[in-house]
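Asks: Dropping a prediction and its sequence here:
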Amino acid sequence: MLSHIYKKEMIDALRDRKTILLTILVPMIMMLGLVFFYESMLSDKGEQYTLAVGHSLPPALESKLHAIDEISVKTFAKPEEAVDEGKADAYLNVPKEFDSYVNSMTPFKVDVYGNSIDQGSSNAMQLVQSALDQYKNEIVQQRLTNKHIDQSVIQPFTIQQKEADEEKGTSAIMLSAILPMLILTSIVSGAMPIALDIMAGEKDRKSIEALLLTPVSRNKVLVGKWLAVSTFGVASGVFALVFLILSTVLFTENLKTAFQLGDHMWSVIGASVLIIVLSALLISAMELFISIMSSSVKEAQSYMSLVVFLPVFPMFFIFSKAPNQFDLSYFLIPFLNLHALFKQLLFGMIDPAAILSTSGTIAVLIAIFFLLARACFLKDKWVLPK
């Protein structure tokens with residue numbers, strides 16, 4: 001009889017086009033938009049910044065600036081006002097006696113004016129600062145050469161910064177932030193329509209009494225409904241993972257490097273599917289419990305809006321942390337453990353203790369919420385319409 005209940009709920013849910021829309025199309029559009037957004041942040045191609053100057057620059061300095069593809073030098077009568085009015089991104093103020101000061105070794109000041117709050121102005125200032133530093137070092141080297149002094153006298157060592165994971169770098173950090181959030185949000189949105197309709201909806205339609213009058217035990221009815229809701233959650237989560245991988249690999253150049261998992265690929269995929277299934281079972285139990293407790297669909301919707309935010313908040317707590325900085329406590333906190341585990345998996349880290357701790361925590365929560373839902377479902381005051 002359990003299979004009949006499950007089949008009935010699945011057929012009823014698939015008849016509703018809204019369910020298909022929320023399960024597939026909405027997560028797909030949301031993911032595609034975020035993928036292109038983060039790719040544009042990484043590529044940063046096509047950005048052009050206007051550098052305002054009040055007069056012509058020394059030829060050597062001007063050539064340095066023209067060598068930067070993103071910088072366009074433009075002369076303004078009032079360059080500082082041009083920056084304030086948004087006509088230019090930054091203003092470079094150099095004295096007209098620049099060359100004579102350099103040749104006479106007279107110290108002088110160069111001002112770079114901009115607005116660090118504005119991203120474009122901040123980027124332009126950094127590019128100009130870098131060009132000025134490079135030109136300053138060349139002047140120093142030339143002076144040392146003229147005096148027959150080796151530059152190692154003032155530069156005893158060089159600094160070279162290396163990333164711990166150069167192949168992935170920023171792309172993996174970006175994806176590790178959005179991947180768990182998108183997958184969990186997809187599970188929530190995919191399971192929510194059927195969870196609302198399967199209990200609160202039947203109360204509104206007053207069809208729950210007929211179901212309870214059948215010779216099927218309430219336990220089997222509840223399990224059948226829970227499995228039906230979980231099926232949509234799992235389908236949404238798996239679809240989200242597959243679509244995110246395909247859209248990233250096919251349509252991006254920078255983000256796709258995060259999926260270079262090498263020999264760990266199938267282990268990562270297997271662990272991800274396991275976590276998706278457990279997460280779907282947990283979220284479905286939570287939503288089903290809310291649906292049973294609510295007297296109408298409208299009331300259930302107001303409560304379930306809180307569930308939507310659960311997958312989002314943990315991202316802010318672990319975004320700045322490296323995957324090797326997570327201790328066991330991170331994998332014992334609900335939903336935070338899912339974000340931490342997905343971040344480790346994306347960096348190719350397979351930690352059995354983390355996987356077991358996360359799975360165990362989710363399993364305990366599944367049992368708690370299912371038992372709460374069962375306790376309410378066995379009482380007529382929560383099941384029968386008011």
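Replies: On my side now, so go ahead.

Asks: Any regions of the stretch 51-200 of the chain where pLDDT drops low?
Replies: By pLDDT under 70, the low-scoring segments of the stretch 51-200 of the chain are 157, 161-172.

Asks: so what's the spatially most central residue of the chain up against?
Replies: For the chain, the residue nearest the mean C-alpha position is Ile178 (2.1 Å; CA atoms, centre = their mean). Applying CB atoms under 8 Å, 6 or more residues apart in numbering, one finds that Ile178 lies in contact with Leu34, Tyr38. (Each C-beta comes from the backbone N, C-alpha and C, glycine too.)

Asks: How is this protein partitioned into domains?
Replies: 2-41+167-383, 45-153 (automatic domain parsing).

Asks: residue ranges of the helices in the stretch 1-150 of the chain, please?
Replies: Applying DSSP state H, counting those that start in this stretch to the stretch 1-150 of the chain gives helices spanning 2-14, 17-20, 26-43, 59-66, 79-84, 98-103, 119-146.

Asks: tell me the helices in the stretch 201-350 of the chain, going along the chain?
Replies: For the stretch 201-350 of the chain, helices defined by DSSP H, counting those that start in this stretch occupy the ranges 202-205, 208-212, 218-251, 265-293, 297-309, 315-318, 336-346.

Asks: Please identify the deepest-packed of the ones you listed.
Replies: helix 336-346 (a mean of 25; mean count of other CB atoms under 10 Å).

Asks: what's the average pLDDT for that one?
Replies: Averaged across helix 336-346, pLDDT comes to 86.

Asks: What of stretch 291-301?
Replies: Stretch 291-301 comes out at a mean pLDDT of 89.

Asks: contacts for that stretch?
Replies: Applying CB under 8 Å, 6+ apart, the set of residues contacting stretch 291-301 is 195-201, 203-204, 290, 303, 373, 376-377, 382-383, 385-386.

Asks: Dump that stretch to CSV, restricted to CA.
Replies: Output of stretch 291-301 as CSV, limited to C-alpha atoms (Å, rounded to 0.1, in the frame of the first residue of the first chain):
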residue,chain,number,x,y,z
SER,A,291,2.5,21.7,6.2
ILE,A,292,0.9,19.3,8.8
MET,A,293,1.0,22.0,11.5
SER,A,294,-0.6,24.7,9.2
SER,A,295,-4.3,25.0,8.8
SER,A,296,-4.1,26.3,5.3
VAL,A,297,-1.7,26.7,2.3
LYS,A,298,-1.4,30.5,3.0
GLU,A,299,-0.3,29.8,6.6
ALA,A,300,2.2,27.1,5.5
GLN,A,301,3.7,29.5,2.9
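
Asks: ok, Ile11 - how many residues close by?
Replies: 10 (other CB atoms under 10 Å).

Asks: separation between it and Val216?
Replies: Distance of Ile11 to Val216, computed by CB to CB, to the nearest Å: 16 Å.

Asks: Could you do Ala354 as well?
Replies: For Ala354 relative to Val216 (CB to CB), the value is 40 Å.

Asks: So between the two, which is more surrounded?
Replies: More neighbours surround Ala354 than the other of Ala354 and Val216, with 22 against 15 (other CB under 10 Å).

Asks: Could you check how far that one is from Leu338?
Replies: Taking CB to CB, one finds Ala354 at 11 Å from Leu338.

Asks: One more: Thr50?
Replies: Plainly put, Thr50 is 45 Å away from Leu338 if you go by CB to CB.

Asks: ditto for Leu213
Replies: For Leu213, the distance to Leu338 - CB to CB - is 40 Å.

Asks: same check, this time on Glu70
Replies: Applying CB to CB to Glu70 and Leu338 gives a distance of 39 Å.

Asks: for Tyr38, same thing?
Replies: 20 Å.

Asks: Next: Met28.
Replies: On the measure of CB to CB, Met28 and Leu338 end up 21 Å apart.

Asks: And for Leu14?
Replies: 28 Å.

Asks: ditto for Phe369
Replies: Distance from Phe369 to Leu338, by CB to CB: 16 Å.

Asks: Same check on Glu299?
Replies: Taken as CB to CB, the span from Glu299 to Leu338 is 28 Å.

Asks: element containing the residue nearest to the centre of the chain, please.
Replies: Per DSSP states H and E: Ile178 is located in helix 170-195.

Asks: mind listing what Ala367 touches?
Replies: Not one residue lies near Ala367 by CB under 8 Å, 6+ apart.

Asks: who touches Ser247 in this structure?
Replies: Met31, Leu32, Val35.

Asks: same thing with Leu378?
Replies: Contacts of Leu378 were listed using CB under 8 Å, 6+ apart, and they are Arg218.

Asks: got it, and Ser186?
Replies: For Ser186, the contacting residues are Pro27, Met31, Ser236, Gly237, Phe239, Ala240, by CB under 8 Å, 6+ apart.

Asks: Many thanks, we can stop here.
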